[in-house]
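Asker: build me a model:
(2 chains)
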Number of protein chains: 2
Amino acid sequence: MAEVGDYRILHEAALRDHFAGIPDLKALIGGEPAAWGITEVGDGNLNLVFIVKGTRGGVAVKQALPYVRLVGESWPLPLSRAHYEYLALSKQAQLAPGLVPVLLHHNETLALTVMELLEPHIIMRKGMVAATQYPGFVDDITTFMARTLFFTSDLALSAAEKKQGIAAFAGNHALCKITEDLIFTDPYRIAEQNRWTAPYLDGLAAELRDDMELHVAISRLKLKFMASPEALLHGDLHTGSIMVTESQTRVIDPEFAFYGPMGFDVGAVLANLLMAHFASAGHERMPGERQAFESWVLETVEKVWSEFARKFLDLWRAGATGDAYPVTLFAGERGAARLEAERQAYMQRLFADTVGFAAAKTIRRIFGLAHNIDFELIEDPKKRAISEARAVRLARAMMVETGEFGTIADITGAARKLRDWMPEFANG
Amino acid sequence: MAEVGDYRILHEAALRDHFAGIPDLKALIGGEPAAWGITEVGDGNLNLVFIVKGTRGGVAVKQALPYVRLVGESWPLPLSRAHYEYLALSKQAQLAPGLVPVLLHHNETLALTVMELLEPHIIMRKGMVAATQYPGFVDDITTFMARTLFFTSDLALSAAEKKQGIAAFAGNHALCKITEDLIFTDPYRIAEQNRWTAPYLDGLAAELRDDMELHVAISRLKLKFMASPEALLHGDLHTGSIMVTESQTRVIDPEFAFYGPMGFDVGAVLANLLMAHFASAGHERMPGERQAFESWVLETVEKVWSEFARKFLDLWRAGATGDAYPVTLFAGERGAARLEAERQAYMQRLFADTVGFAAAKTIRRIFGLAHNIDFELIEDPKKRAISEARAVRLARAMMVETGEFGTIADITGAARKLRDWMPEFANG
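Answerer: Got it, this is the predicted structure:
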């Protein structure tokens, strides 16, 4: 763990000196340190991010700050998150090679991690605002999720290994607490940090605060988030944590990693695709110009679930080395058939969790502290509010009537129907 | 944690020398160490247990062995279990004072714990074989369970405190593994250590090994045991871990403690009461002589659940200081009513878990490695098998058709009906 005593924030000059003293990094970047180009590029909420470029190549540098960057020193946040991010990234690199940035250097004391520079990758969310389609995305993200979730679950690990993993990430509770508050609590009550597209969504915000069925549903999800260590989660798997080119996908920023319910990661991906879909109408300059993109998005929603489920099940069928569902209890043809039916039932339970968590991830982006550019970049607030209201309408149904969404097609079908739905304020 | 290097087994002489050097203990026991009476009384499966008596009083001494006592050195078991037992006992003493033995001394290196001598308490199971009723038991055990489970759950703790607790017990996985194997796996497959009352139960044993619905049910329970850290469990809460007089109850031996599903502890108590009920017929010398006892047992089953649920709910209503179900989301009269309905739903889910785990705890005592004297002391093997077959018939239904048992009266009703049911082999 990082010792706060020896920690210091490395701004440009200090970073240059520090790296000059690390031969491997120096060689990798190339040229004289004095000539390196160093730029701070962090646009996230928590950390400093630098790009360092030399004659040979470049690296990306992430340093944790002892507070939330977005808010300032009044909101302290432990440096140890850099330790957990490093731990998670190492594990992901092992389980899903090629789908996370290559780790080049980690300094625990400085809470500093150096990774390969991803070029010309961009944040996927930005690409989606520009209506870019990513044909390789489904295959990559489902491989990432199926492998990182399956291989850290009770289906693949012994109970002892699993408990070690849980304990190794138990200290990352400050980051979990951010999720617990900002996703599972604050959007449903009066909280200083909440914001939404006023005045259009004022009524809807008040409805959510008064919706006791929704409060029960979000509280059940919160409890599941806190007390269901099914697998090592990324913990923040939205389209802002994914860098892409048209052919490549890299998942970044796993500092929220901990052992939690698998549906939280899968739901995060689905929610962010669905929000991109609902936001798309707001970015339209000519009717129909983003139709192909929108179709691709909903098709992607469907395939993300179906391919994830297929890959996860294949891993289970091929490599059930864990202590759960011991194969010796399902011997013979009849046993195999019964186990296969149970695998399907397991995926159905996971799907229900996914639906609920996707809904929670949607509502927080519209009524909580952290919003996303999918909606934020819609300049006309009324248009933005219309897109957001559609997303919330679906999310509310997904969270409270989860059982009505038995298949992923039930979700995309509902999303399609809501594409042109008009909330009451739209006519005002 | 105990260092194996400095550990040594303390037999009588060494124990005498060791305690002679600890002034507090010496004073408590009283008189010259050479005159102390020291007796090894351990009849459990894992440890050495001594009683040391002097002129002033006595103490109970428990030392972990680096292997399973019942089996020998061929089955090693970490000494660290004494550390977890000490940790759990300390926590239980704080949460349920007066319901666990007073802790007098703990030596981590020697894996040795000294506790008050419980006199004239006896192991509750022995008392029940003798048809003794314990009028204070319901109140004591439900206070113990409600308080230890509630106050270590997400309803009472912050998520950070809860994660610390989970991590603190994560290392006790070797003891969990015993449960995972002996309760949740072996009785359902061919395993060297299994045994049952042959030849009468040969057919039933084969049926269980071939019963795929049961294998799915036990596997779901196993997964819940491994991956649902709801609260700090005792982990082995059968009537052999409870010492009683007619007016006092003390819960002992929490070395299997870890964060797991609450229903596992509650189910353990219910299962052992139900087994005492089914065994009772086998101990009858004259028809009807144990009828009052049997009625008391089933009444106790009902009250253990209803009083536990009442106390747990009262604690929740009065002291919801945890991060789950935040009260700010349930403001006003309507919010309070909805939260109360959710509390009832929570207890209903916990009841379903309890029913399943109670069934698992029953089957393992009849087909697995560790049996209990309720059945074992029935000398006539056919009579014993009849009692066991009745217990298994109920347990199988509880595990596979859990939903059919919506209330505790459904279980005691079924138990009453099975009191005189005859399995096929009884007519052979």
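Asker: and residue A:247, backbone torsions?
Answerer: Per-residue torsions, residue A:247: phi -120, psi -10 (degrees, to the nearest 10).
Asker: neighbours of it, how many?
Answerer: Residue A:247: 10 surrounding residues under other CB atoms under 10 Å in any protein chain shown. For every residue, glycine as well, the C-beta is placed using N, CA and C.
Asker: can I assume it is in contact with residue A:133?
Answerer: No - contact criterion CB atoms under 8 Å: residue A:247 and residue A:133 do not qualify, at 11.8 Å.
Asker: residues contacting residue A:420?
Answerer: Applying CB atoms under 8 Å, 6 or more residues apart in numbering or on different chains, we find residue A:420 in contact with residue A:281.
Asker: distance of it relative to residue A:279?
Answerer: 14 Å (CB to CB, to the nearest Å).
Asker: then residue A:310?
Answerer: 28 Å.
Asker: quick one: which of these two has more around it?
Answerer: Neighbour count, other CB under 10 Å: between residue A:310 and residue A:279, residue A:279 has more, with 27 against 14.
Asker: need the next SSE after the helix or strand hosting the more buried one, C-terminal direction.
Answerer: Here residue A:279 sits within helix A:262-283, counting by DSSP states H and E. For helix A:262-283, the following helix or strand on the C-terminal side (DSSP H and E) is helix A:291-319.
Asker: show me what contacts the spatially most central residue of chain A?
Answerer: Chain A has residue A:237 as the residue nearest its centroid, 1.1 Å off, counting by CA atoms, centre = their mean. Applying CB under 8 Å, 6+ apart, we find residue A:237 in contact with A:145, A:251, A:265, A:268, A:269.
Asker: ok, of those residues, which come out buried?
Answerer: Buried members of these, counted by 16 or more other CB atoms under 10 Å in any protein chain shown: A:145, A:251, A:265, A:268, A:269.
Asker: turn those into CSV, including pLDDT.
Answerer: Output for these, formatted as CSV (pLDDT from 0 to 100):
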residue, pLDDT
A:145, 98
A:251, 98
A:265, 98
A:268, 98
A:269, 98
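Asker: next, count neighbours for residue A:401.
Answerer: When neighbours are defined as other CB under 10 Å, residue A:401 has 12 of them.
Asker: and it, what's its pLDDT?
Answerer: Here, the pLDDT recorded for residue A:401 equals 98.
Asker: measure it to residue B:329 for me?
Answerer: Residue A:401 is 19 Å from residue B:329, where distance means CB to CB.
Asker: next: residue A:344.
Answerer: For residue A:344, the distance to residue B:329 equals 34 Å [CB to CB].
Asker: which one of those two is surrounded by more residues?
Answerer: Neighbours were counted for residue A:344 and for residue B:329 using other CB under 10 Å; residue B:329 has more, 21 against 11.
Asker: need the contact list for the closest residue in space to residue A:326 that isn't next to it in sequence.
Answerer: Distances taken as CB to CB, 6 or more residues apart in numbering or on different chains place residue B:185 nearest to residue A:326, at 5.7 Å, with adjacent residues excluded. With contact taken as CB under 8 Å, 6+ apart, residue B:185 is in contact with A:326, A:328, A:329, B:191, B:218, B:222.
Asker: okay, those residues in CSV with secondary structure and distance to residue A:255 next?
Answerer: Formatted as CSV, the contacts of residue B:185 follow (DSSP: H, G, I helix; E, B strand; the rest coil; distance: CB to CB, whole Å):
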residue, secondary structure, distance to residue A:255
A:326, coil, 35
A:328, helix, 40
A:329, helix, 39
B:191, coil, 44
B:218, helix, 38
B:222, helix, 33
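Asker: export the residues you listed as JSON lines, with columns for distance to residue A:54 and pLDDT.
Answerer: What follows is the contacts of residue B:185, written out as JSON lines (distance: CB to CB, whole Å; pLDDT from 0 to 100):
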{"residue": "A:326", "distance to residue A:54": "54", "pLDDT": "96"}
{"residue": "A:328", "distance to residue A:54": "57", "pLDDT": "95"}
{"residue": "A:329", "distance to residue A:54": "58", "pLDDT": "97"}
{"residue": "B:191", "distance to residue A:54": "62", "pLDDT": "97"}
{"residue": "B:218", "distance to residue A:54": "60", "pLDDT": "98"}
{"residue": "B:222", "distance to residue A:54": "54", "pLDDT": "98"}
